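1. Got a predicted structure here, sequence first:
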Amino acid sequence: VAGASEPQVRLSSPAATFTVTSALDSGPGTLRDAIDNANANEGPDEIDFAIGTGPQSIVLDAALPEITDPVTIDGTSQPGFAGRPLINVSGDGTQLRMVRITAGQSVLRAISVTSFASNDEGRNGAVVFAGGGSNRVEGCVFGTNEAGDELPCGTGVAFEGSSSNTVGGAFDGARNVFGWCILGVVLIGEGSGSSVVQNNVFGTNAAMDAFAQCSLGVLVEDNPRNLVGGVLPGEGNVVVNCYTYGIDIISVNSAENLVQGNFIGITPDGRTGMDNYVGVDICGGASNGAKANLVGGTAAGASNRIVGNRLGVVVGTEPIVDATENRILCNEIDQSREIGIDLGMDQISMLDDDDTDVGSNDQQNAPVLESLEIEGDQAMVTGRLSSAPNEAFRIELFSGSSRTQAGYGGGGVLVGTVNVTTDSDGNGGLAITIPGERLRGESVVATATDASGDTSEFSISLALDVLWEAPDPNAGANPPPRNPSVRVQE
């Protein structure tokens, strides 16, 4: 529940509570000893901490025992806890894993995890949940500290064949921080899906004022029907400073995932200069591509802010098969250094008659914008779409602050929509009337989405030579024009 002050999963009557009183690696009263005791005691247990007071570090000589019975490991119990983890569990920089949890219905709360290595693929996970679902990770910090220092942990959390898990959550104390990780959160494997990654921070510290680079924020591989973010206040993730992908959805079973309400390349208070190489990537698999995923959406709060990245959203082809039917709707995609939406990871896709080409999102043609006329406080944009004959399309119009290469718009804020149905020759005209005050920045662009859910790249922009300025109400009956002149960007 957004704004709630207590975690949503808490054992009301654990079978037993085991208290960690020693920061040593092994022996009575250690975390290793508590896990052994919890495994031996049937039923959901709780592990609390009372290692003196204040911050404590547990340095492991080897991975902790596999957790085979449900347990809550609760760092908030350490005396002196005031909202930030006081218990740090650390490797020596060479170990691959802190703990593997196969029990399901387990919780890791308010623990700092640092100094674990990564294998070649980076998917081993300092914390791995394998099989058994309905786990939670909340209030933890991976790979960094409040100052943003580099204390790498390879992959923060990996879920392998585990479903219905939650990382974060929209309540006080639920947010996890992932800095200096190869991968932040990994959802992978057959039998997985229906998990939630929500209200977390990737690539920076908790205050979002330090550089704590990740390779990749969230990886969804062979994994359907997950939610990354959410439509309610406090549910979106902040994903910045990732040198490959902010969010990556790949391979055969990665279908019907939702990416909504996130801040990608930008912080909630509007700070930029923390870009990802690619904001959101969706690509194919060995037998069929990632399919029917939704980035944004028409529901209130679903729009993502994808700002300042090198590439905003990519629908790709690797490794073999194209990704199709992926909707990219209502997002603010702006200030991309190369291109806002890229189908096929090949930069600009050329338009073709009747839109018969195939590829990522079936290489859906973008609209062609032809004119923008101003009358009073209204603006009308006209254009056309050439695509498959006798089909219905959703056209979205955006106004933003940048134009990318060859005049293709970077996107901006959604300012209007219209439905267009093509004729038997595959042609359809479009006209959208919007309040002029919605125009902002330097350009107006559009996308087209077909009935199957294939969204196009952005169109060539209409460039605004002068920023919109509302008519002066004090200028009399015939005020001088103060509206922008418009041209098609060459």
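-> Okay, I see it. Residues are numbered from 1 along each chain as shown.

2. and Asp425, helix, strand or coil?
-> Three-state call for Asp425 (DSSP: H, G, I helix; E, B strand; the rest coil): coil.

3. can I assume it is in contact with Pro389?
-> Yes: here Asp425 reaches Pro389: they are 6.3 Å apart, a contact under C-beta atoms under 8 Å. Heads up, the C-betas are built off the backbone N, CA and C, glycines and all.

4. Distance from stretch 155-170 to the middle of the chain?
-> On the basis of C-alpha atoms, centre = their mean, to the nearest Å, stretch 155-170 sits 14 Å off its chain's mean C-alpha point.

5. Compute the first-to-last residue distance for that stretch.
-> With C-alpha to C-alpha, to the nearest Å as the measure, stretch 155-170 spans 23 Å from end to end.

6. Look up which helix or strand the residue nearest the centre of the chain falls in, please.
-> Among the residues of the chain, the one closest to the centroid is Ile247, at 4.8 Å (C-alpha atoms, centre = their mean). Taking DSSP states H and E as the definition, Ile247 sits inside strand 242-250.

7. per-residue confidence for Pro44?
-> For Pro44, the model assigns a pLDDT of 96.

8. And for Gly125?
-> At Gly125, the model reports a pLDDT of 85.

9. if we can go back for a sec, shouldn't the residue nearest to the centre of the chain be in contact with Gln260?
-> No: Ile247 is beyond contact range of Gln260, at 11.0 Å (criterion: C-beta under 8 Å).

10. and the end-to-end length of stretch 308-325?
-> One end of stretch 308-325 to the other measures 25 Å (C-alpha to C-alpha).

11. what's the nearest residue to Leu96 if we skip its chain neighbours?
-> Closest residue in space to Leu96, ignoring its immediate chain neighbours: Asn124 at 4.7 Å, by C-beta to C-beta, 6 or more residues apart in numbering.

12. Ok, Gly139 next?
-> Nearest residue to Gly139 in three dimensions, chain neighbours excluded: Ala110, at 4.1 Å (C-beta to C-beta, 6+ apart).

13. so how many other residues sit close to that neighbour?
-> With neighbours defined by other C-beta atoms under 10 Å, the count for Ala110 comes to 24.

14. And for Ala15?
-> Ala15 has 15 neighbours, counted by other C-beta under 10 Å.

15. doesn't Asn37 make contact with it?
-> No: counting by C-beta under 8 Å, Ala15 sits too far from Asn37 to count as a contact (11.0 Å).

16. shared neighbours of those two, which are they?
-> Common neighbours of Ala15 and Asn37 (criterion: C-beta atoms under 8 Å, 6 or more residues apart in numbering): Asp45.

17. Am I right that Glu190 falls within a strand?
-> No: Glu190: not assigned to a strand; according to three-state DSSP it is coil.

18. Numbering from 11 from now on, please.
-> All right, first residue 11 from here; so that's Glu200.

19. Can you list phi and psi of it for me?
-> Main-chain torsions, Glu200, degrees, to the nearest 10: phi -60, psi 140.

20. check contacts around it.
-> Gly171, Asp232, Asn263.

21. distance of it from Gln208?
-> Distance of Glu200 to Gln208, given as C-beta to C-beta, to the nearest Å: 24 Å.

22. Check Met108 too.
-> Between Met108 and Gln208 the computed distance is 22 Å (C-beta to C-beta).

23. With Tyr287 instead?
-> Tyr287 is 23 Å from Gln208, where distance means C-beta to C-beta.

24. same question, Gly53
-> Counting by C-beta to C-beta, the separation of Gly53 from Gln208 is 28 Å.

25. Looking at these two, which is more packed in?
-> More crowded of Gly53 and Gln208, by other C-beta under 10 Å: Gln208, with 27 against 13.

26. Is it correct that that one is in contact with Glu245?
-> Yes: contact criterion C-beta under 8 Å: Gln208 and Glu245 qualify, at 5.0 Å.

27. any common contacting residues for the two?
-> Taking C-beta under 8 Å, 6+ apart as the contact rule, Gln208 and Glu245 both touch Ala180, Gly239.

28. Please, where are all the helices along the stretch 61-210 of the chain?
-> In the stretch 61-210 of the chain, no segments count as helices under DSSP state H, counting those that start in this stretch.

29. can you list the weak-confidence ranges in it?
-> Residue ranges of the stretch 61-210 of the chain with pLDDT under 70: 129-133.

30. ok, Gly189 touching Asn215?
-> Yes: Gly189 is in contact with Asn215 according to C-beta under 8 Å; the separation is 6.0 Å.

31. okay, those two: which has more neighbours?
-> The neighbour comparison of Gly189 against Asn215 (other C-beta under 10 Å) goes to Gly189, with 30 against 20.

32. And stretch 45-59, what's buried?
-> Within stretch 45-59, the residues that count as buried by 16 or more other C-beta atoms under 10 Å are Ile45, Ala48, Asn49, Pro54, Asp55, Glu56, Ile57, Asp58, Phe59.

33. Tell me which of these fall in strands.
-> Within the buried residues of stretch 45-59, residues falling in strands by DSSP state E are Asp55, Glu56, Ile57, Asp58, Phe59.

34. Turn those into JSON lines, columns for distance to Leu41.
-> Shown next, in JSON lines, are those (distance: C-beta to C-beta, whole Å):
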{"residue": "Asp55", "distance to Leu41": "13"}
{"residue": "Glu56", "distance to Leu41": "13"}
{"residue": "Ile57", "distance to Leu41": "7"}
{"residue": "Asp58", "distance to Leu41": "11"}
{"residue": "Phe59", "distance to Leu41": "8"}
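
35. ok, how many other residues are close to the residue nearest to Leu106?
-> Asn134: 22 neighbours (other C-beta under 10 Å).

36. Kindly report the same for Ser411.
-> If you count neighbours by other C-beta under 10 Å, Ser411 ends up with 16.

37. hang on, it packs against Asp344?
-> Yes: with contact defined as C-beta under 8 Å, Ser411 reaches Asp344; the gap is 6.0 Å.

38. what's the overlap in contacts for the two?
-> By the contact definition C-beta under 8 Å, 6+ apart, Ser411 and Asp344 are jointly contacted by Gly420, Gly422, Gly451.

39. re the thing from before, show me what the strand holding Ile257 packs onto, helices and strands only.
-> Identification of packing neighbours for strand 252-260 by 3 or more C-beta pairs under 8 Å, 6 or more residues apart in numbering; DSSP states H and E yields strand 224-231, strand 288-293.

40. closest one to Glu383 among these?
-> Nearest to Glu383, of all these, is strand 288-293, at 33.1 Å by C-beta to C-beta.

41. Just give the strands next to whatever helix or strand comes next after that closest one in its sheet, each with its orientation.
-> Scanning forward in sequence from strand 288-293 by DSSP H and E, the next helix or strand is strand 304-306. Its sheet considered, strand 304-306 pairs with strand 268-270 (parallel), strand 337-339 (parallel) by DSSP bridges.

42. so what's Glu383 closest to, chain neighbours aside?
-> Met390 (5.0 Å).

43. which residues pair with the one you found across the strands?
-> Beta-bridge pairing of Met390 under DSSP bridges involves Glu383, Thr443.
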